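Engineer: Next come a sequence and a model predicted from it.
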Amino acid sequence: SAVISQKPSRDICQRGTSLTIQCQVDSQVTMMFWYRQQPGQSLTLIATANQGSEATYESGFVIDKFPISRPNLTFSTLTVSNMSPEDSSIYLCSVAGWSTGANVLTFGAGSRLTVL
Amino acid sequence: AQTVTQSQPEMSVQEAETVTLSCTYDTSESDYYLFWYKQPPSRQMILVIRQEAYKQQNATENRFSVNFQKAAKSFSLKISDSQLGDAAMYFCAYRTLIQGAQKLVFGQGTRLTINP
């Protein structure tokens, strides 16, 4: 299955700043997703990253707050903009398709963000 | 929209014993996938087992097996011969087969503790 590298692994950020999280896959995949996991909670889908076009956002998430890029079939970024303490979460990249099999999502190790 | 419910926030079991984690879901679709993921303290999401809804036979992976009751919309996970390394959060997840909407919908999670 695909190997996913997420950077940064963790970070402590100041209120009002923005941080970009990178997701690099070692093989081409058809689908890439970004999830948020708030402390002690389950995973919630933020958006589906579409190659070469705008991401598809879930209800409650907007592009201005969580801009996403996906320039090719192996890489995506998620930016958390104008952060507040409520954005403190683990952000996880997940992928599916081709090397991973279309029906199974593989996850990165996540990026733990703490906003002060 | 599909929903997934895990009614047991926490479970504990003695090492070497058997434990069953419950999961129910709601959907109007006839074909879909169901998954159990494990998230240890390292926060890496690890696929434990999956079930295709069109298959009547319950999936099995070594010490892990499911009891899939399609009519009842129930998908429980049985862990046999529990080991200390099984301690983790376990998430039940649903995935539609509808093209373009193949995200995972997660339950709230069950924290499993293994007592030595």
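Structural biologist: Ah, there it is. Numbering: from 1, shown residues only, chains lettered A, B, ... in the order given.
Engineer: So which bits of chain A are right by chain B?
Structural biologist: Residues of chain A lying close to chain B by Cβ under 8 Å from any Cβ of the partner chain are A:31, A:33, A:37, A:41-45, A:48, A:56, A:58, A:90, A:92, A:94, A:96, A:102-107, A:109-110, A:112. The way it works is simple: take the backbone N, C-alpha and C, and place the C-beta from them, glycine included.
Engineer: filter those to the buried ones?
Structural biologist: Buried members of those, counted by 16 or more other Cβ atoms under 10 Å in any protein chain shown: A:31, A:33, A:37, A:42-43, A:45, A:48, A:58, A:90, A:92, A:94, A:96, A:104-107, A:109-110, A:112.
Engineer: Just the closest residue of chain A to chain B, please.
Structural biologist: With Cβ to the nearest Cβ, the shortest gap between chain A and chain B falls at A:Phe107, namely 3.7 Å.
Engineer: List the contacts of the residue lying closest to B:Glu52 once chain neighbours are set aside.
Structural biologist: For B:Glu52, ignoring the flanking residues on the chain, the nearest one in space by Cβ to Cβ, 6 or more residues apart in numbering or on different chains is B:Tyr33 at 5.9 Å. B:Tyr33 makes contacts with A:103, B:50-53, B:94-95, B:97, as judged by Cβ atoms under 8 Å, 6 or more residues apart in numbering or on different chains.
Engineer: Now with 6 Å, please.
Structural biologist: Applying Cβ atoms under 6 Å, 6 or more residues apart in numbering or on different chains to B:Tyr33 gives the contacts A:103, B:52, B:95.
Engineer: Let's verify the first one: helix, strand, or coil?
Structural biologist: If I follow you right, that is A:Asn103. Classification of A:Asn103 using DSSP: H, G, I helix; E, B strand; the rest coil returns coil.
Engineer: where's it relative to B:Ala53, distance?
Structural biologist: For A:Asn103, the distance to B:Ala53 equals 11 Å [Cβ to Cβ, to the nearest Å].
Engineer: can you pull out the strands in chain B?
Structural biologist: Remark: strands assigned in chain B by DSSP state E are B:3-5, B:10-14, B:19-21, B:24-26, B:32-39, B:46-52, B:60-61, B:64-69, B:74-79, B:88-96, B:104-106, B:110-115.
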